[in-house]
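In: Below are the sequence and a predicted model for it; my questions follow.
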Amino acid sequence: MTVDATSAAADDDGMDLRLTAREQAFAAEARAWLHDHVPRGLPPSGSADGFAAHVAWERQLFDAGWAVVSWPRAFGGRDASWVEWLLFEDAYYRAGGPPRVTQNGIFLLAPALFEHGTDEQRQRLLRPMAAAETLWAQGWSEPGAGSDLAAVRSTAVRVDGGWRLSGQKTWSTRASFCHAMHGLFRTDPDAPRHRGLTYFLVPLDAPGVRVSGFRRLDGDLDFADVFLDDVFVADHDVVGAPGQGWKVAMSTTGSERGLILRSPGRFVAAARRLVALYRRERAVASPLDRDQVVRAWMAAQAYQLYTLQDVTRVAGGAAMGASSSINKLAWSELDVQLHDAALALLGPRAELVEGAPDAVDGGAWIKGWQFALAGPIYAGTNEIQRNVIAERLLGLPKE
Amino acid sequence: MRFAFSLEQQALRDAVRDLLGRACPPAVVRAAWGADDDAAPALWPQLARMGVVGMTAPERWGGLGLGELELVGVLEEAGHAALPAPLLETTAVAIPLLAALPDGPVVDGVRDRWLGAAAAGRAVIAVGLAGAPFVADAARAALLLLERDGELHAVPRDAARLTAEASVDGARRLAWVDWTPSAATRVATGDVARDAAARALDRGAVAAAAELCGLGRRMIELTVDHVQVRHQFGRAIGSFQAVKHHLADAHAALELARPCVARAAYALAHDEPGTAVHASLAKAHAGDAARRAGRAALQCHGAIGYSFEHDLHLFMKRAWALAAAWGDAAWHRARIATAVLDHDAAPGAFHA
């Protein structure tokens, strides 16, 4: 890698894939720290003990200044550029860092607070969120509102000093272990679907809240239903203006679908592990297995390059916009493809899970496969993303 | 780090798009199907006057001395127009190949005679590497650059015997070339020949990938227009999700291939060690994406697109041809597998 010490590459007009001296130094510092500190063999986060271990890791990250590198220093970040953020993500997953249990706060709620929150909210909420002192769950989906998010029926009624919330949220990841939830509630039953919604922050220990965990496809207790019965939420826990909830939520989906939730580092690291697996299993790999491995590796490279183009655009002041639907389609299909290739290599050992004596890589591939299968469903199903691409990028008429 | 084309590169590309929009509508492509050797005689001089034909030639030969980052945008527009002219062979491959050969009596003579003429649009140069059985545009070329037995030769077309091969893309001119190597035609041997041929293959693959991105984009544009006009069951068929999802998938695949092409162009321009892998990544993704766009376009046009009279096939058949030329997707995947899986030589996204 060449270091360009003299120019700030981002300001030049031409294509320049060298890292600046600053970017290079940032990446080296991140790699060194992560190499020394990333924990090995954390238990899954879907139990109280496992979750506590992940929270301890998040606190360690925060104390060293690596929890939210792209945030302002005032909130615990490093004012990192988009490129530096990508470099951090790459280093994090390269070092074997675990999935972030703070993600529904730092990646999903924080962008909405930066864009639509008040100064008071940012001062009060962001640091504890990044420090894993307040763990956040997402309260969007309901039994009757999944892809059709604007169909939410949970309600909030105006009272003195705040609101009273009632209804049921579901598929709320890690809510059993979280302190608070952010989500959409209907405040004006007479307004058109998207207009009558408001974005609320709900303490999960408030009277009237009941959280009931249930298991994911892989058996981990990672989902929960959240039942709300006349729960009081103060005015200062409304994000944006009442009735503007859809707009606030959309600022989250841009980041959820797009870059922030699933940076390329995660998949490039998985592709690297897949190549390592192929080398170990070469003797039993068929030519078709080999082709599947190389296809998956290639798809990871393409996604990474696509995101480099994104950060150049965003650094230049452009919004991600509807093209974030292409990111979502790409990373979710890529994750399935990477695991598919690994399972094909493993053949009869593919079904062995953690704890089985002959499980390869501790059963990580069949575990990861089950998680990857959620990708095309969450953060807006891929069918919804295809509609967005067709309607907003290609200009086709609505149904 | 900045991964985008410069404003000048974009301006050149826009200028080529404007020219081809006027000078190379589908009717011109269609006319090239029935023409003799020169598929579209008016286009080449126009592109030469604009500087496009000679853009890769050094200035001492009358060219613009531009590189791959300028070239791929221009080639994407050539693909978008299904340009029936040898921009890929002459401008993207032959001129840089000839310009980069080490000086020597034979090479100097070939360059003096042909390079300036090629850059000015007066002489087409065609290329036949060892792995390709046929040479595109050999019949209209003045000079053939041919690889055989580890050597490169510059053979005047008059000194070769050509047997025409008909392509499914009627605007393509393929020929089997029969020729006799001699000391007078030999321009490179040994490592020099091997490296020059390998680089020529990468240039051809990236150039074809760029054209394939343009072809795919054009087929999606044609289809987006069609599905908004065509009504069935009382509404535009473009409002149906089944149609939208075909086009969304095809569009996404193309949008993911384009940065691969840009990255490969950058690798070529900077002579990076991982250039071959970047070139293969670009060609395999672009070839697959363009073929997929063709399938989606044909399906969404329905029977209307399944007609020789409709323009769609002009673009679709070029995409089929270019996806298979300069190494098809399977060949490039195998080359990546050798580098990445067998030799642990995976290049990174950033400048190596």
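Out: Received, thanks. Numbers count the residues shown, from 1 in each chain, chains lettered A, B, ... in the order given.
In: does A:I389 really touch B:A248, like I thought?
Out: Yes. If you go by C-beta atoms under 8 Å, A:I389 and B:A248 touch, sitting 3.9 Å apart. For every residue, glycine as well, the C-beta is placed using N, CA and C.
In: how about the residues of the stretch 201-350 of chain A that lie near chain B?
Out: For the stretch 201-350 of chain A, the residues found near chain B under the criterion C-beta under 8 Å from any C-beta of the partner chain are A:275, A:278-279, A:290-291, A:293-295, A:297-298, A:301-306, A:308-309, A:311-313, A:316, A:323, A:326, A:329-330.
In: ok so, going back, residues bridging contact with A:I389 and B:A248, i.e. touching both?
Out: Listed as contacting both A:I389 and B:A248 by C-beta atoms under 8 Å, 6 or more residues apart in numbering or on different chains are A:L329.
In: picking that back up, what about burial for the residues of the stretch 201-350 of chain A next to chain B, which qualify?
Out: Burial by neighbour count, judged by 16 or more other C-beta atoms under 10 Å in any protein chain shown, picks out A:275, A:278, A:290-291, A:293-295, A:297-298, A:301-306, A:308-309, A:311-313, A:323, A:326, A:329-330 from these.
In: A:E115 contacts A:M250, doesn't it?
Out: No. A:E115 lies out of contact with A:M250 (C-beta under 8 Å); the separation is 9.9 Å.
In: out of those two, which sits in the busier spot?
Out: Shown here are A:E115 and A:M250; by other C-beta atoms under 10 Å in any protein chain shown, A:E115 has more neighbours (16 against 13).
In: mind checking the SS state of that one?
Out: helix (DSSP: H, G, I helix; E, B strand; the rest coil).
In: residue furthest from the geometric center of chain B?
Out: B:G234 (41.8 Å; C-alpha atoms, centre = their mean).
In: Also chain A?
Out: Most distant from the centre of chain A: A:A283, at 36.8 Å, with distances by C-alpha atoms, centre = their mean.
In: Now do the same contact list for the nearest residue to B:R111 once chain neighbours are set aside.
Out: Sequence neighbours aside, B:L98 is the residue nearest to B:R111 in space, at 6.1 Å (criterion: C-beta to C-beta, 6 or more residues apart in numbering or on different chains). Taking C-beta under 8 Å, 6+ apart, we find B:L98 in contact with B:V107, B:V110, B:R111, B:W114, B:L115, B:A118, B:I125, B:L145, B:A154, B:V187.
In: Could you give the separation of the longest strand seen in chain A from the chain centroid?
Out: Determined from DSSP state E, the single longest strand within chain A is strand A:223-234. The chain centre lies 23 Å from the centre of strand A:223-234; the measure is C-alpha atoms, centre = their mean, to the nearest Å.
In: Other residues contacting that strand?
Out: Strand A:223-234 is contacted from outside by A:137, A:139, A:154, A:156, A:159, A:161-176, A:181, A:200-204, A:206-216, using C-beta under 8 Å, 6+ apart.
In: Can you tell me which of those residues end up in strands?
Out: Short answer: the contacts of strand A:223-234 in strands (DSSP E) are A:137, A:139, A:156, A:159, A:162-169, A:181, A:200-203, A:209-214.
In: just the helices in the stretch 51-200 of chain B please.
Out: B:68-80, B:95-100, B:105-119, B:190-229 (DSSP state H, counting those that start in this stretch).
In: what's the most buried one of these?
Out: The highest average neighbour count among the helices of the stretch 51-200 of chain B, using mean count of other C-beta atoms under 10 Å in any protein chain shown, belongs to helix B:68-80 at a mean of 26.
In: Please see if that one touches chain A.
Out: Yes. Using C-beta under 8 Å from any C-beta, helix B:68-80 reaches chain A at B:L69.
In: Against which helices or strands is that helix packed?
Out: Counting contacts by 3 or more C-beta pairs under 8 Å, 6 or more residues apart in numbering or on different chains; DSSP states H and E, helix B:68-80 is packed against helix B:7-23, helix B:190-229, helix B:241-269.
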